[in-house]
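# Starting from these lines, generate the structure:
(2 chains)
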There are 2 protein chains.
Amino acid sequence: MLFRQLFDQETWTYTYLIGDETTHEAALIDPVLEQVERDLKVVTELGLKLTRVLETHVHADHVTGAGKLRELTGARVAASPSGAPCVDQQVKDGDVLTLGGLSIQVLATPGHTDDSLSFRVGNKLFTGDALLIRACGRTDFQNGNAGQLYDSITGKLFTLPDDTEVYPGHDYAGLTMSTIGEEKRHNPRFAGRSREAFIEFMNNRKLAPPKKLDVAVPANRSCGKPAPQAQA
Amino acid sequence: MLFRQLFDQETWTYTYLIGDETTHEAALIDPVLEQVERDLKVVTELGLKLTRVLETHVHADHVTGAGKLRELTGARVAASPSGAPCVDQQVKDGDVLTLGGLSIQVLATPGHTDDSLSFRVGNKLFTGDALLIRACGRTDFQNGNAGQLYDSITGKLFTLPDDTEVYPGHDYAGLTMSTIGEEKRHNPRFAGRSREAFIEFMNNRKLAPPKKLDVAVPANRSCGKPAPQAQA
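Predicted coordinates for the structure are as follows:
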C-alpha cells in the first residue's frame, strides 16, 4: 500500500493519500480545497489514479477539496448519511469499501459531530477529529455530544489492537501519528477519566467558535462548492 | 523500530525520533530548541531513553535542542568534524553508530553546507537539508557548494535503492516524506539536469539570507547554548 500524510499549514489539517500498488487506484481522506493542486501532483507522480475521496465528517475549520477533486478526476466522494448531502456514496458503520485490492473499513465514531466516521485500512486508522493525539475533537457544535464521543473512543476505537496506528485529522503540536495503545495509556482526556468526568470537562471548555465555522460548514455540505441557494 | 516524525510549525523543521524496541534506546535527529519539552514527553511516553542526538548539519534557520537535551538526559551529541565543535562525537562518511540493536549509517552529503550528513537506518534515509522533497538545500552560505551538492545527491543518495524512504529536514508544502525513486524521477533540480545547469541555477537564485542566520549559526556551533565568547 502506498501511503502519504499531507499537511495544510494554514488550518493544521492532515490529509491522507492511500493507494493500491497493483491497480494504482487511490483515495484521499479529508482533502483541503487550497491543496488540491498539490495533492493531485503527488497522486500523479506516484503513478496513481484518484478514484475515491473519503470525508471523516463535515469540517468546520477548512473547506474540503472533495468537490473540486471530483470535478477534476471523476473520483467518487463518500461520507456518512448524516454528513454532506452532495456525496456520491453514503457509508455507515461496518461498511467495507474497496480500493483495488485494499479494504477500507468504515467505523461510525460520532460525538465530535454526529456524522463523524473513522476509516481503517490494514493497521492504519484515520480518526478525523474524533480521536486526536493526546486529545479529541470538541463537542460543542454540529450536534456534538460528549457522552457519545466518549463511547465512540473508549467503546469502539480503544477495542482495536494496541499497535493500530492512529492518524488524526489535525495536530496542533507537530505530532504526526500515534497508536491506540499510546492513546489508551497517555491521552489525558480518557486515561483514568470516567464518562461523567469527561462529559463535565468537555461541556465546560468555553471555547470560541472555529474561525471558519460559518463559511466552512455550508461550503462542505456542498463538497466545497458554493451551495445552489448561496448562488441564487 | 519505533519511529516518529515531529514538526516545528514556526521554522517548518522536521525532527525525527528513532527508538530500539528491545533496549528502549532512542535518538533524536535535528531537534529544535523550542520543542525539547514536547520531544522528551514523546520519548518518555513511548518508554524510551534518549541516548543520542544526531545533527545533520549546523542549522541556519532554527536553534538546535541538542545542548539542552544533553543537559537533561545525558544523551551524546554527534555531528560532522566540520560541524559544531560542542559535540561529543564526530562522525564521518562510512561510520556506523549503534542504537541498541539498530545501526545508523553515516553518509557525508556536503554541498548545502560543508558539514552536511545524511543518516540511514534500515530503509529510512534522513537527508537534513541536502535532499529535500522535489527540491534541495540552498548553497549560498556556510561553505555551500552547488557542484558538491549535485555530486552528493546524484552520486551518493541516488545510488541507494529506489524504495528507500526519504525524510528531509524541512518541507514547505506540507509533504512529509518521499522515496529515492520518486526524487530521481520527479525532483526538478536534478531530473534531466546536468551538473553545469544545476550549478548555474543554484548560483543565480539571489535568495535573501535565512532570517535566523546570524543568531542560529553561532548558537548551533555551541549546541544551542550561548557560546563562551558571546557571554564574555
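
# for chain B, what are the nearby residues on chain A?
Residues of chain A lying close to chain B (Cβ under 8 Å from any Cβ of the partner chain) are A:4-9, A:12, A:35, A:38, A:42, A:45-46, A:173-177, A:182, A:185-186. C-betas here are computed from N, CA, C, even on glycine.

# hang on, A:Leu69 in a helix?
Yes: the assignment for A:Leu69 (DSSP: H, G, I helix; E, B strand; the rest coil) places it in a helix.

# Please report how far A:Thr64 lies from A:Lys211.
According to Cβ to Cβ, to the nearest Å, A:Thr64 stands 16 Å off from A:Lys211.

# now do A:Glu182
Taken as Cβ to Cβ, the span from A:Glu182 to A:Lys211 is 30 Å.

# Would you mind telling me which of those two has the busier surroundings?
A:Glu182 (20 against 12; other Cβ atoms under 10 Å in any protein chain shown).

# How about the contacts made by the more buried one?
Contact analysis of A:Glu182 by Cβ atoms under 8 Å, 6 or more residues apart in numbering or on different chains lists A:166, B:45-46.

# just A:Thr139 next, same as before
By Cβ under 8 Å, 6+ apart, the contact set of A:Thr139 is A:111-112, A:145-146, A:148-149, A:202-203.

# Take those and keep only those in helices.
A:146, A:148-149, A:202-203 (DSSP state H).

# Can you add neighbour count and give the residues you listed back as CSV?
Below are the ones in helices among the contacts of A:Thr139 laid out as CSV (neighbours: other Cβ atoms under 10 Å in any protein chain shown):
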residue, neighbour count
A:Ala146, 23
A:Gln148, 20
A:Leu149, 28
A:Met202, 22
A:Asn203, 14
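
# among those residues, which two are most distant?
Farthest apart among the ones in helices among the contacts of A:Thr139 by Cβ to Cβ are A:Gln148 and A:Asn203. That separation is 12.4 Å.

# which residues in chain A form helices?
So, for chain A - with DSSP H - the helices run A:36-45, A:66-73, A:146-150, A:180-186, A:195-203, A:213-221, A:228-231.

# out of those helices, which comes closest to B:Pro31?
Nearest of the helices of chain A to B:Pro31, taken as Cβ to Cβ: helix A:180-186 at 20.1 Å.

# what are the ranges of the strands in chain A?
Ranges of strands within chain A are A:2-8, A:13-19, A:25-29, A:49-54, A:76-79, A:89-90, A:96-99, A:102-108, A:117-121, A:124-128, A:131-132, A:135-136, A:165-168, A:178-179, based on DSSP state E.

# With mean pLDDT and mean neighbour count as extra columns, can I get the ones you listed in TSV?
Compiled in TSV, the strands of chain A are given as follows (pLDDT from 0 to 100; neighbours: other Cβ atoms under 10 Å in any protein chain shown):
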stretch	mean pLDDT	mean neighbour count
strand A:2-8	98	19
strand A:13-19	98	23
strand A:25-29	98	26
strand A:49-54	98	23
strand A:76-79	98	22
strand A:89-90	98	14
strand A:96-99	98	15
strand A:102-108	98	18
strand A:117-121	98	24
strand A:124-128	98	24
strand A:131-132	98	28
strand A:135-136	98	22
strand A:165-168	98	22
strand A:178-179	98	23
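
# Okay, now the unreliable bits of chain A?
The model of chain A has pLDDT under 70 over residues A:226-232.

# Tell me the spacing between the residue nearest to A:Thr64 when sequence neighbours are not counted and A:Val215.
In space, and not counting its chain neighbours, A:Thr64 is closest to A:Gly224: 4.3 Å by Cβ to Cβ, 6 or more residues apart in numbering or on different chains. Going from A:Gly224 to A:Val215 by Cβ to Cβ gives 11 Å.

# go on, A:Pro209?
For A:Pro209, the distance to A:Val215 - Cβ to Cβ - is 12 Å.

# Closest one to A:Val77 out of the contacts of A:Thr139, please.
Nearest to A:Val77, judged by Cβ to Cβ, of the contacts of A:Thr139 is A:His112 at 19.8 Å.

# Look at the closest residue to that closest one other than its chain neighbours and say how many residues are nearby.
Take A:His112 and drop its neighbours on the chain: the residue closest to it by Cβ to Cβ, 6+ apart is A:Gly137, 3.1 Å away. For A:Gly137, the neighbour count with other Cβ under 10 Å is 27.
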